[in-house]
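K.L.:
What follows is a predicted structure for the sequence shown.
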Amino acid sequence: MALLDSNIIIYSTKAEYAFLKNLIQSNTHSVSVITKIECLGFHNLTDKDLHYLNLVFDYFLEIIPIDDYIADRAIRLKQNNKMELADGIIGATAYQYGLELITRNTKDFKHIPDLKITNPIDKEL
């Protein structure tokens, strides 16, 4: 099981990254609630993309809420590294649940010890 980063789901709306839909629809992955917020709150969504994303979050993925453990770990990550808030929460969620993180932005998470990170996009291109 793995945690999908927001960029993986956003890329999957684009035709050239259609292979990511198979990864998402495998229904063995989770997302942080911050990923749902980032994806559905993306400023440049078409109606078609919004419909697809709503389907993704409604039917295919387990959405992990932010609890005190994740919040505390995200705080420590941000205190010790320059990170965006969303990346801190996503990284903390993957770490807390022992999940592999699937992202294109591997450099944003490399400083998190013992976190397995996979970039499926650069493998395909």
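P.N.:
Right, received. Where do you want to start? This is a predicted model, so every value here is computed, not measured. Numbering: from 1, shown residues only.

K.L.:
Find the residue ranges of this structure scoring beneath the pLDDT cut-off.
P.N.:
Counting by pLDDT under 70, the chain contains low-confidence ranges at 124-125.

K.L.:
all helices for it, in order.
P.N.:
Applying DSSP state H to the chain gives helices spanning 6-11, 19-25, 33-40, 47-55, 68-80, 85-97, 120-124.

K.L.:
between these, which gets nearest to K110?
P.N.:
Of all the helices of the chain, it is helix 85-97 that lies closest to K110, at 10.0 Å by Cβ to Cβ. Glycine gets a C-beta too; all of them are placed from N, C-alpha and C.

K.L.:
The spatially closest residue to L50 that is not a sequence neighbour and R104: what is the separation?
P.N.:
In space, and not counting its chain neighbours, L50 is closest to L40: 7.3 Å by Cβ to Cβ, 6 or more residues apart in numbering. For L40, the distance to R104 equals 19 Å [Cβ to Cβ, to the nearest Å].

K.L.:
Export only the CA atoms of stretch 42-52, formatted as CSV.
P.N.:
Provided in CSV are the C-alpha atoms of stretch 42-52 (Å, rounded to 0.1, in the frame of the first residue of the first chain):
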residue,chain,number,x,y,z
PHE,A,42,-6.5,23.6,-8.0
HIS,A,43,-7.2,26.9,-9.7
ASN,A,44,-7.1,25.7,-13.3
LEU,A,45,-9.6,22.8,-13.3
THR,A,46,-11.9,22.2,-16.3
ASP,A,47,-15.4,20.8,-15.6
LYS,A,48,-14.1,17.4,-17.0
ASP,A,49,-11.2,17.4,-14.6
LEU,A,50,-13.3,18.3,-11.7
HIS,A,51,-15.7,15.5,-12.5
TYR,A,52,-12.8,13.0,-12.8
